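Enquirer: Here is a sequence together with a model predicted from it:
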Amino acid sequence: MQQAIGKYRWTICGLLFFATTINYLDRQVLSLLAPDLSKEFGWSNTDYANITAVFQFVYALSMLFAGRLVDKLGTKTGFALAIVVWSIGAMMHAFAIPIGNALVPFFGAIGLGFASVSVVGFMASRAVLAFGESGNFPAAIKTTAEYFPKKERAFATGIFNSGANVGAILAPLTVPFIALHYGWQMAFIAIGGVGLLWLLFWYWLYEVPERQKRMGAAERAFINSDADDNVTTATNTAPVKSSWIKLLGYRQTWAFVVGKFLTDGVWWFFLFWLPKYLEAQYGMVKTDIMLPLAVLYSMTMFGSIGGGWFPMYFIKKGMSPYDGRMRAMFIIALFPLLVLLAQPLGGSTFWIPVILIGIGASAHQAWSANIFTTVSDMFPKKTVASVVGIGGMAGGLGGVLISKIGGALFDHYEALGSIQTGYTIMFAFCGIAYVLAWIIMKSLVPKYAPITDL
C-alpha cells in the first residue's frame, strides 16, 4: 500500500525531525553549562532565571509573529530564515562578554543597570536565539499539514517532535565534553553552526507538494484526501485574510492557548533547570550529568512517537480525529502525576527522580504531539501556523512565569538552607498541569468542531 502511494512525505518529516533536533541542541547548551557559568560569573538563581526568562519572553512574542510570517512567506523561505537567525543567536553566546560590555550602558539607561556584564551578554544572545527558534514549530506544523492527511498528522508530528528528545539526549553527551576540552565558548560555536548545514538539505529537498517533482500523483492525491481542507497549497504564499482578533474569537483557539500556557512551561522547566537540580540535590557537575540526562531524555522518545500513534487506536474505533486525540490526551495527562513523587522518593539516589521526571517529560512529548495536531484538525491549512504562533506565545509566557517563580523560590529556600523545598513546590505544579489543562480544553471544545468560515 505504502509502495503504491509513495512515501516521499516521510523524507520531509525527516527534515523536520533534524531541524527540531538542532533546535533543542542549541537551546540546551546554556542549561548544561549553567552550573559552571554560575560559578564563573557569580550568578544567583534569580540571575539565571532572568537569562532563561528573556529567552522564553522573546520566544513567546516572536511565536505570534513567526506563525504569521511563515503563513505569509511560505514554509520554504520562512523556515530557512528562522534557522539562519537562531544559528547566529546560538553562536553569539560565545561572545556574551564583549556583547555585554557593549550593551551595559543601554541597560543602565532603561533602568536595568543591576544586571552584570555577563548577564546582559547572555540575555542579548538568548533573545536572538529565541527570535529565530520561534519559527521552528509554526513552520514544522504547517509543513506537516501540507504533506500529511489528518489521519497521519499526529504520528508525523510525534516523529518530528521526537527531534526535541534526540537534541536533549545529544546535548548532555556532547556539550560537557566540548566545554571540558575546548572551552565553553567553543560549545556554543560548534553546536550553533550545525543548523547552517541543515539549510542546504532543506533547499535541496523541500518544495510544496503541488510542485514537488520527487513525489508521485498517487501520494499527492493521498495527501489531499481530506475533503474539508479548504486551501490551495500550490502557491503556499497566499495572503492570510484572518486577523489575530478573528482567530481569537474561536473557542478552538483558546483551547489550544490554554493547553500550551499551562504545559509548555513544564517542559521548559525540565530543560533549563534539571542540570541545576542535579547539582543542588546531588552535587553533580560537569560530565556527571551526562548519563542521567541522556537516560531521562531517551525515555521521552517513547512518549513523542508513541503519543503520536496513540490516538489512532481510538480513531480506528470510529472516533473523529479530534475526539480520539482528546481521549488519548486525557490518559497521557495522568502520567505526569508521578512527578509528585520525585522528591519524597528521591532520598540519596538520583535515579528515582530521574526516572519519575523522565516519565513526566515523556508524557509531555506525547501531549505535545497531540495538542499541536488539534490545530490542523480544526483550522484550514492557511491559518495553521498563525494559530500555532498564538498558542506558542501563550506557552512561552507560561514558561516565563515558571522560570521567574522557580528562580525566586530557589533563592528563597536556598537562603533558608532548604532549596529542595523549592523543587518540591515546582514539581507539584509540573505534576498537575496536564490534567488541569485537559479539563479546560475539553470544557471549551467538548466535541469535534472544525472551522469552516476562514
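Expert: Happy to help now that I have it. Values in this document were obtained by computation on a predicted structure and should not be read as measured data. Numbering: from 1, shown residues only.

Enquirer: okay but Ile99 is in contact with Met92, surely?
Expert: Yes: using Cβ atoms under 8 Å, Ile99 is in contact with Met92, at 6.6 Å. No exception for glycine: its C-beta is placed from N, CA and C like everyone else's.

Enquirer: Identify the contacts common to the two.
Expert: By Cβ atoms under 8 Å, 6 or more residues apart in numbering, Ile99 and Met92 have these common neighbours: Ala124, Ser125.

Enquirer: Could you give the separation of stretch 13-24 from the chain centroid?
Expert: Relative to its chain's centre, stretch 13-24 lies at 11 Å (Cα atoms, centre = their mean, to the nearest Å).

Enquirer: Going forward, count from 849.
Expert: OK, 849 is where the count begins now, so the last one is stretch 861-872.

Enquirer: and it, which residues are buried?
Expert: Using 16 or more other Cβ atoms under 10 Å as the test for burial, stretch 861-872 gives Cys861, Leu863, Leu864, Phe865, Phe866, Ala867, Thr868, Thr869, Ile870, Asn871, Tyr872.

Enquirer: Out of those residues, list just those in helices.
Expert: Cys861, Leu863, Leu864, Phe865, Phe866, Ala867, Thr868, Thr869, Ile870, Asn871, Tyr872 (DSSP state H).

Enquirer: Make TSV out of those and add distance to Val1143 and pLDDT.
Expert: Shown next, in TSV, are those (distance: Cβ to Cβ, whole Å; pLDDT from 0 to 100):
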residue	distance to Val1143	pLDDT
Cys861	26	92
Leu863	28	93
Leu864	25	93
Phe865	21	93
Phe866	22	93
Ala867	25	93
Thr868	20	92
Thr869	18	93
Ile870	22	93
Asn871	22	91
Tyr872	17	86
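
Enquirer: got any ranges where this structure has weak pLDDT?
Expert: Where the chain drops to pLDDT under 70, the residues are 849-851, 955-963, 1074-1090, 1302.

Enquirer: Make sure Leu1193 is actually in contact with Ile1200.
Expert: Yes: between Leu1193 and Ile1200 there is a contact under Cβ under 8 Å: 4.9 Å.

Enquirer: Quick check on the two: which one has the bigger neighbour count.
Expert: Ile1200 (16 against 13; other Cβ atoms under 10 Å).

Enquirer: Could you check how many residues crowd around Leu912?
Expert: 20.

Enquirer: all strands of the stretch 899-1048 of the chain, in order?
Expert: Counting by DSSP state E, counting those that start in this stretch, no segments of the stretch 899-1048 of the chain form strands.

Enquirer: what about the most far-flung residue of the chain relative to its centre, which helix or strand?
Expert: The C-alpha centroid of the chain is most remote from Ala852, which lies 34.6 Å away (Cα atoms, centre = their mean). Using DSSP states H and E, Ala852 maps to helix 850-853.

Enquirer: and the next element down the chain from the helix or strand where Val1248 lies?
Expert: Val1248 belongs to helix 1229-1263 when assigned by DSSP H and E. For helix 1229-1263, the following helix or strand on the C-terminal side (DSSP H and E) is helix 1267-1292.

Enquirer: Distance from the chain centre to that next one, please.
Expert: 18 Å.

Enquirer: buried ones in it?
Expert: For helix 1267-1292, the neighbour count (16+ other Cβ under 10 Å) marks 1267, 1269-1272, 1274-1275, 1277-1282, 1285-1286, 1289, 1292 as buried.

Enquirer: could you give the angle of that helix to helix 1229-1263?
Expert: Helix 1267-1292 and helix 1229-1263 are oriented at 150 degrees to each other (axes from the mean of the first three to the mean of the last three Cα atoms, to 10 degrees).

Enquirer: Mind giving me the packing neighbours of helix 1267-1292?
Expert: Helices and strands touching helix 1267-1292, as assessed by 3 or more Cβ pairs under 8 Å, 6 or more residues apart in numbering; DSSP states H and E, comprise helix 1099-1130, helix 1169-1182, helix 1190-1194, helix 1199-1226, helix 1229-1263.
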